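**Student:** My questions are about this predicted structure, shown below with the sequence.
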Amino acid sequence: MSRRLADGIQAEPPRSDRPVETAIVALGANLGDCVETLEAAVADIRRLPLVDGIRVSPAVESVAVTLDGPDAEAPAYLNAVAIVRTRLAPTVLLGYLHAIEARHGRVRRERWGDRTLDLDLIAYGDVRSDAPALLLPHPRAAERDFVLEPWLALDPDAVLPGRGRVDALLADLRNRR
């Protein structure tokens, strides 16, 4: 029996017989006490069912990115990446991430606006999905040094499915500036 999660995502209930997968979750915040919010979000992820391991990068600060590009006038973001070992299906994990955002005051009014918490599912194993409710890997991850840099700090051999090695993507991104 499926159930409706945040943002209309339909998902099966968590199943302990699923194989363990590695998920990459980007965390960001630019409103309120960002350090406290990111720490609380990591604690919330650790408490999810069928999550048996999480490693978190050091946080990095970045300029806010809006639909019009970087905005140095907006509050800066604090960003980190978590590597999560889980048996949750990607849709279920994403639903939980959206619920954690909501618990921390995330309101989805403006695309790419300021937020108390942003949790993006960047990759889930080698899964690829073009479904509107589940885009995997994250379509803009290769363009975001605030995702690539902390991910690389956790895993020097990281690969973004379909795009390549994270170290090469980050070097290319920096060379284009």
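**Tutor:** Received, thanks.

**Student:** alpha carbons only for contacts and neighbour counts from here, please
**Tutor:** Will do.

**Student:** all strands for the protein, in order.
**Tutor:** Ranges of strands within the chain are 3-4, 10-11, 21-29, 51-56, 60-62, 64-66, 69-71, 77-86, 118-124, 129-131, 134-136, 159-160, 164-165, based on DSSP state E.

**Student:** Quick check: neighbours of the third one in the sheet, parallel or antiparallel?
**Tutor:** Spelled out, that is strand 21-29. Strand 21-29 has the following strand partners under DSSP bridges: strand 77-86 (antiparallel), strand 118-124 (antiparallel).

**Student:** ok, how many other residues are close to P137?
**Tutor:** Residues lying near P137 (other Cα atoms under 10 Å) number 23.

**Student:** so what's it closest to, chain neighbours aside?
**Tutor:** Closest residue to P137 apart from its sequence neighbours, by Cα to Cα, 6 or more residues apart in numbering: A123 at 4.7 Å.

**Student:** still on that earlier bit, pipe the strands paired with strand 21-29 into JSON lines and attach mean pLDDT, distance to V107 and mean neighbour count per row.
**Tutor:** Output for the strands paired with strand 21-29, formatted as JSON lines (pLDDT from 0 to 100; distance: least, Cα to Cα, whole Å; neighbours: other Cα atoms under 10 Å):
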{"stretch": "strand 77-86", "mean pLDDT": "97", "distance to V107": "16", "mean neighbour count": "24"}
{"stretch": "strand 118-124", "mean pLDDT": "97", "distance to V107": "10", "mean neighbour count": "23"}
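
**Student:** Nothing else from me, thank you.
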